[in-house]
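# no FASTA, just this:
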């Protein structure tokens with residue numbers, strides 16, 4: 001069977017426009033498993049390359065299949081539904097399967113656009129799903145043993161040569177319960193870690209394939225120190241060193257394990273992305289982060305001593321944030337020596353405790369899922385008004401990265417060329433306090449036939465994709 005697996009991207013992919021192209025490793029696992037079962041599989045991941053032409057219609061090579069799988073996150077869900085409609089029109093008899101985190105949270109919604117919805121983890125049942133082994137409309141996946149997953153076959157990706165960072169998965173799940181995060185609902189807080197021998201063998205194979213820039217997409221890299229240290233020791237003893245490795249982790253993991261960071265540096269770790277979220281201890285407590293501002297500052301000292309750069313990930317719009325939050329946050333970033341920082345507006349993802357709480361308080365302003373991407377205000381903040389929060393987000397980027405720096409020029413180009421032109425209607429609705437009117441895209445499930453990329457977006461993506469990874 002010919003199968004096309006599609007990963008829709010958000011309307012504006014900030015990372016891809018910045019030259020970073022990291023594919024969805026979960027879908028690559030599914031494709032590799034289907035290939036081993038004898039199927040012809042191609043992946044069209046819009047984190048790497050567009051699945052549509054300049055008109056916003058799926059390309060012919062995408063439609064050249066007998067069955068289709070679409071993996072959706074909340075901000076890309078409407079795009080995924082549009083793609084499903086285009087497939088149904090072009091291939092009326094083709095099987096369409098929708099999965100991913102948003103489908104897990106909103107299975108009944110997704111079911112209106114496909115033959116089957118698969119929730120949670122799909123590796124254990126994906127072959128059975130595509131080989132007509134289920135009659136149910138909504139199929140619930142099962143927790144998989146990640147130790148037994150095959151090495152991901154990146155050649156199944158269209159334009160896989162454009163990948164800049166090859167993802168690696170050493171663990172899955174998270175034992176914490178941050179109210180704004182979808183991970184606990186999908187993986188049921190079941191944290192699983194691969195053995196040091198398993199991950200070492202894969203990285204040796206990756207190195208032999210020339211994959212020298214890696215990104216660990218674990219939610220909490222290094223949480224199980226007893227397994228992570230032997231893994232590092234194995235790589236060091238094998239003489240394995242990568243040009244650049246990055247990962248996501250927590251401040252308290254860094255703080256408690258200075259020796260681990262020194263070992264990570266030896267094998268090629270250059271940057272860690274840390275969910276700082278807020279410099280307010282009240283916010284950190286209210287949002288169950290199990291860390292303090294002091295922990296974050298201590299972690300920065302350990303990272304600086306190990307010469308590993310930190311990208312702090314901050315959320316704006318928590319209940320204790322006010323008009324002074326941006327200024328205090330920028331000061332903290334500079335005083336602690338963070339190399340870079342990213343800013344997201346708090347957004348309540350469906351299926352999370354935060355969404356349920358804000359919905360019960362009537363603070364959700366719109367259910368247009370395409371706005372749930374961290375760059376738009378979709379709820380009523382506690383201490384500032386929605387427009388002020390939107391301005392705080394813009395101000396944070398521009399205040400941290402001055403216009404004459406590399407990041408400053410990139411950020412101003414992003415706002416002027418991409419974000420503002422794409423969001424004129426949204427900004428008008430925000431100013432006029434009519435944001436709820438935008439959700440008509442989903443009311444009655446009357447979606448547009450496509451989301452057409454702009455000429456500027458296509459030009460910049462094409463230009464950047466020509467730069468060697």
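Cool, got the structure. Small disclaimer: the values here were computed from a predicted structure and weren't measured.
# switch to C-alpha atoms for all contacts and neighbour counts from now on
Fine.
# what are the ranges of the helices in the stretch 201-350 of the chain?
225-237, 251-256, 258-267, 281-286, 293-306, 325-336 (DSSP state H, counting those that start in this stretch).
# which helices and strands sit right next to the fourth one?
Contacts of helix 281-286 with other secondary structure elements, assessed using 3 or more C-alpha pairs under 8 Å, 6 or more residues apart in numbering; DSSP states H and E, are absent: no helix or strand is involved.
# who touches the strand or helix carrying residue 357?
In this structure, residue 357 sits in helix 353-360 according to DSSP states H and E. In this structure, residues lying in contact with helix 353-360 by C-alpha atoms under 8 Å, 6 or more residues apart in numbering are 179-180, 348-350, 364, 379.
# between the residues you listed, which is closest to residue 17?
residue 349 (24.0 Å; C-alpha to C-alpha).
# Buried residues, the helix holding residue 357. List them.
Judged by neighbour count using 16 or more other C-alpha atoms under 10 Å, the buried positions of helix 353-360 are 353-356, 358.
# End to end on stretch 42-56, go ahead and measure it.
Taking C-alpha to C-alpha, to the nearest Å, stretch 42-56 runs 20 Å from one end to the other.
# try stretch 378-397
Length of stretch 378-397, first residue to last, C-alpha to C-alpha: 19 Å.
# list the buried ones in it?
378-381, 384, 386-390, 392-394, 396-397.
# still on that earlier bit, please convert the buried residues of helix 353-360 to a markdown table, extending it with distance to residue 61 and pLDDT.
Below are the buried residues of helix 353-360 laid out as a markdown table (distance: C-alpha to C-alpha, whole Å; pLDDT from 0 to 100):
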| residue | distance to residue 61 | pLDDT |
| --- | --- | --- |
| 353 | 40 | 94 |
| 354 | 40 | 96 |
| 355 | 38 | 96 |
| 356 | 40 | 95 |
| 358 | 42 | 97 |
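# Let me know how buried the closest residue to residue 332 other than its chain neighbours is, in neighbour terms.
Leaving out its chain neighbours, the residue that sits closest to residue 332 by C-alpha to C-alpha, 6 or more residues apart in numbering is residue 279, at 7.7 Å. Using other C-alpha atoms under 10 Å, residue 279 has 23 neighbouring residues.
# give the contact list for residue 279.
Residue 279 sits next to 293, 328-329, 332 when contact means C-alpha under 8 Å, 6+ apart.
# Tell me how many other residues crowd residue 281.
16.
# how about the nearest residue to it, chain neighbours excluded?
residue 292 is the one closest to residue 281 (C-alpha to C-alpha, 6+ apart), at 5.7 Å.
# for the closest residue to residue 301 other than its chain neighbours, what are its contacts?
Spatial nearest neighbour of residue 301, excluding adjacent residues (C-alpha to C-alpha, 6+ apart): residue 336 at 7.6 Å. Listed by C-alpha under 8 Å, 6+ apart, the contact partners of residue 336 are 297, 300-301.
# go with 10 Å
296-301, 304 (C-alpha atoms under 10 Å, 6 or more residues apart in numbering).
# ok, now residue 460?
16-19, 417.
# would you list these in JSON lines and tack on pLDDT, secondary structure and distance to residue 81?
Output for the contacts of residue 460, formatted as JSON lines (pLDDT from 0 to 100; DSSP: H, G, I helix; E, B strand; the rest coil; distance: C-alpha to C-alpha, whole Å):
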{"residue": "16", "pLDDT": "80", "secondary structure": "helix", "distance to residue 81": "22"}
{"residue": "17", "pLDDT": "78", "secondary structure": "helix", "distance to residue 81": "23"}
{"residue": "18", "pLDDT": "82", "secondary structure": "coil", "distance to residue 81": "26"}
{"residue": "19", "pLDDT": "86", "secondary structure": "coil", "distance to residue 81": "27"}
{"residue": "417", "pLDDT": "90", "secondary structure": "helix", "distance to residue 81": "27"}
